[in-house]
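Student: sequence-free structure coming up:
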């Protein structure tokens, strides 16, 4: 799933709506409810404070002084209680807002993990899907672990699934090398010839041609070996592979 034209905010908003409508709505509802509760309690504090001030301003005779003092104390206790409620509600509101922020940050991080990434592959900037990157990395891990048969299967699956991938040329090269590591020269030649024809500009193509030549030599086809080595020198004269081809020709290998 690609969202190349969406901004960070809009991406988060879209996916929040798709994946977590319950969480987002609940958070917003709690936010509004908390704000209304705080306003309501503050209104009660103001009302109680006004009543207290009114009573303090009222001139009472000595007979009602004790009763007035008791009422004033009750009002003060009510105000203190209401202020405590405001502190609790304010804290709840702060926690709700923090949870909402954490939710959107987490959602944005998840989106980044599934979005295509721009990376440099073989000297070229390309866009690679997450699943594509994982498949290629898994195949390479098998090859590096010396599990050449499994690596060959993985690379073959990769080029079949992602023929237009920026990794297609490299996957084809390592597919051929997986066969070469198993001493299957016919399969090596077949796989690496695909790379030579489909990706002549790939940086691994000269090396692939050297492996093709080596396989021809192992198959006792010296003419084919010589032809491929001469092609490496002619087509890629400035490469290390060309120097290696010259050395092999000079030594008759």
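Tutor: Yes, it's here. Quick caveat, the model's predicted, so the values are computed rather than measured.
Student: How about residue 37: what's its closest non-neighbour residue?
Tutor: Closest residue to residue 37 apart from its sequence neighbours, by Cβ to Cβ, 6 or more residues apart in numbering: residue 89 at 5.1 Å. C-beta here means a position set from N, CA and C on the backbone, and glycine is covered the same way.
Student: low-confidence ranges in the stretch 151-253 of the chain?
Tutor: 253 (pLDDT under 70).
Student: let's see it at 90
Tutor: Filtered on pLDDT under 90, the stretch 151-253 of the chain yields the residue ranges 251-253.
Student: Helices along that one, start to end?
Tutor: 168-181, 185-198, 205-218, 222-235, 240-251 (DSSP state H, counting those that start in this stretch).
Student: centre of the chain versus the last one, how much separation?
Tutor: If I follow you right, that is helix 240-251. Taking the mean of its C-alpha atoms, helix 240-251 sits 44 Å from the chain's own mean (Cα atoms, centre = their mean, to the nearest Å).
Student: Could you do stretch 90-106 as well?
Tutor: 23 Å.
Student: thinking again about what came up before, assess the claim that the residue nearest to residue 37 and residue 41 are in contact.
Tutor: Yes. In this structure, residue 89 is within contact of residue 41 by Cβ atoms under 8 Å, at 6.6 Å.
Student: on that earlier part again, mean confidence score for the helix or strand encompassing the residue nearest to residue 37?
Tutor: Following DSSP states H and E, one finds residue 89 within helix 65-114. Averaging pLDDT along helix 65-114 yields 73.
Student: I'd assumed residue 175 was in contact with residue 159.
Tutor: Yes. Under the criterion of Cβ under 8 Å, residue 159 makes contact with residue 175 at 6.7 Å.
Student: Tell me the residues that contact both of those two, please.
Tutor: Applying Cβ atoms under 8 Å, 6 or more residues apart in numbering, one finds that no residue jointly contacts residue 159 and residue 175.
Student: out of these two, which sits in the more crowded spot?
Tutor: residue 175 (28 against 22; other Cβ atoms under 10 Å).
Student: Residue 223 versus the closest residue to residue 240 other than its chain neighbours, what's the distance?
Tutor: Computed as Cβ to Cβ, 6+ apart, the closest residue to residue 240 that is not its neighbour in sequence is residue 206, at 7.8 Å. According to Cβ to Cβ, to the nearest Å, residue 206 and residue 223 sit 20 Å apart.
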